[in-house]
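Peer 1: Need coordinates for the following:
(chains A and B)
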There are 2 protein chains.
Amino acid sequence: MPLFNVNKPTNNPISAWTRGASRVLAKTRILELHGVMYSHPSRKAETEFSVIHTSDWVNVIATTPDRQLVLVKQFRYGIGAPSLEIPGGIIEEGEEPIQAGLRELQEETGFVGTHARVLGRVHPNPAIQNNRCYLVWVENVVRQSDVAWDEHEELEVITLPVDQAYALAHSGDITHSLVLNGLLLFMPHWLAMKAP
Amino acid sequence: MPLFNVNKPTNNPISAWTRGASRVLAKTRILELHGVMYSHPSRKAETEFSVIHTSDWVNVIATTPDRQLVLVKQFRYGIGAPSLEIPGGIIEEGEEPIQAGLRELQEETGFVGTHARVLGRVHPNPAIQNNRCYLVWVENVVRQSDVAWDEHEELEVITLPVDQAYALAHSGDITHSLVLNGLLLFMPHWLAMKAP
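Peer 2: Numbers count the residues shown, from 1 in each chain, chains lettered A, B, ... in the order given. Purely as a prediction, here's the structure:
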């Protein structure tokens, strides 16, 4: 329950802005940048906002029977540097999040698991992106196949005790926002697994 | 320590890709979309990757003397819907992250605090964005001023017991990736505050 509200009475609760015309500003292999007009119901001006349209994504918390977490290290073009992450990728057209998660896990790492569930669904950036990222947990994964990297992938696969992965998150060695989301959403399950 | 590694010996550890030419594909008020050429040192082709250039951001965990968390609800253009978040925004040129966090907190909510520290620094998306987001914790905040929203802002300010905010994260009612990062990085401090 709100303890107080600083909005003027007329603005309480917040308004839904009205969506106007949109145009494609740029289109690349993986995203489209749109300019979308929005206007506030009680304000005059219509303004163009940047909205990145892209596929939904999936990131995978994969735990081994001996309670290690599967991590991948890869070069990331956005920051021009390597990044330590959990496996993940794009949910293809027609795929369910769990199906996509199991596929990405196997393609990137060769690990296969039997039980999978959706831990949650987040917005990578609701201010400027339209897409969602699903966090999927796959239990009892074992390495059963070769990797099948796409042409722009090259990964190092690492398994670490789960608590060590949390330590790397808090020490700043895991920095990918969506990977950290996976660790947050997995925490209640991890605490339950660890409980005596 | 890696327990095993699926890379071929020649690819272990992963390579740093070589950055080539870049071009601006689109430019908006808040970001630039670049096409950046990268080539793998042991592969032939050079490929263009999408990289979104934008400012560094700050998100603020603001706790009141009675251990409530300050939240803001606002309409988000990327998803075309309201989103429950912590205060935050762009780190302006020349600003330190803490300074930017205190400014955004006051502008968006009217809350002012005395003690502030950086909880951590994350990459919103190292695959396709070059920027960082700082998570700042401000303690003992009290409402001292009017809000100063920019022309595209309209926020509802809410304070909630910290544990209730964690519950909203796990129930899927807080979905902003970077807000969830703030909650993850704040957790050790929150557990210490709660400890008898």
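
Peer 1: Only C-alpha atoms from now on, for both contacts and neighbour counts.
Peer 2: Will do.

Peer 1: quick check, stretch A:42-57 touching chain B?
Peer 2: Yes - shown here: stretch A:42-57 in contact with chain B (CA under 8 Å from any CA of the partner chain) through A:49-52.

Peer 1: What is the nearest of these to chain B?
Peer 2: Nearest to chain B among those, counting by CA to the nearest CA, is A:V51 at 5.2 Å.

Peer 1: Tell me the bridge partners for the closest one.
Peer 2: The residues listed as beta-bridge partners of A:V51 by DSSP bridges are A:H34.

Peer 1: any low-confidence regions in chain A?
Peer 2: Applying pLDDT under 70 to chain A flags the ranges A:1-12.

Peer 1: swap the cut-off to 80 and go again
Peer 2: Counting by pLDDT under 80, chain A shows low-confidence ranges at A:1-13, A:43-45, A:145-153.

Peer 1: Please parse it into its domains.
Peer 2: A:11-53, A:57-194 (automatic domain parsing).

Peer 1: And the strands in chain A?
Peer 2: A:18-27, A:32-39, A:46-53, A:57-62, A:68-76, A:81-85, A:88-90, A:111-112, A:115-122, A:133-139, A:142-143, A:155-161 (DSSP state E).

Peer 1: Take those and lay them out in TSV including mean neighbour count and distance to A:P188.
Peer 2: Below are the strands of chain A laid out as TSV (neighbours: other CA atoms under 10 Å in any protein chain shown; distance: least, CA to CA, whole Å):
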stretch	mean neighbour count	distance to A:P188
strand A:18-27	14	38
strand A:32-39	20	36
strand A:46-53	20	32
strand A:57-62	28	13
strand A:68-76	21	15
strand A:81-85	20	20
strand A:88-90	21	21
strand A:111-112	24	23
strand A:115-122	19	10
strand A:133-139	25	12
strand A:142-143	16	23
strand A:155-161	21	16
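
Peer 1: Point out the one among those strands that comes closest to B:L31.
Peer 2: Across the strands of chain A, B:L31 has its closest neighbour in strand A:46-53 (8.1 Å, CA to CA).

Peer 1: residues making contact with that closest one?
Peer 2: By CA atoms under 8 Å, 6 or more residues apart in numbering or on different chains, the residues outside strand A:46-53 that reach it are A:31-40, A:127-131, B:28-30, B:77-78.

Peer 1: at 6 Å what do you get?
Peer 2: Applying CA atoms under 6 Å, 6 or more residues apart in numbering or on different chains, the contact partners of strand A:46-53 are A:31-39, A:128-130, B:78.
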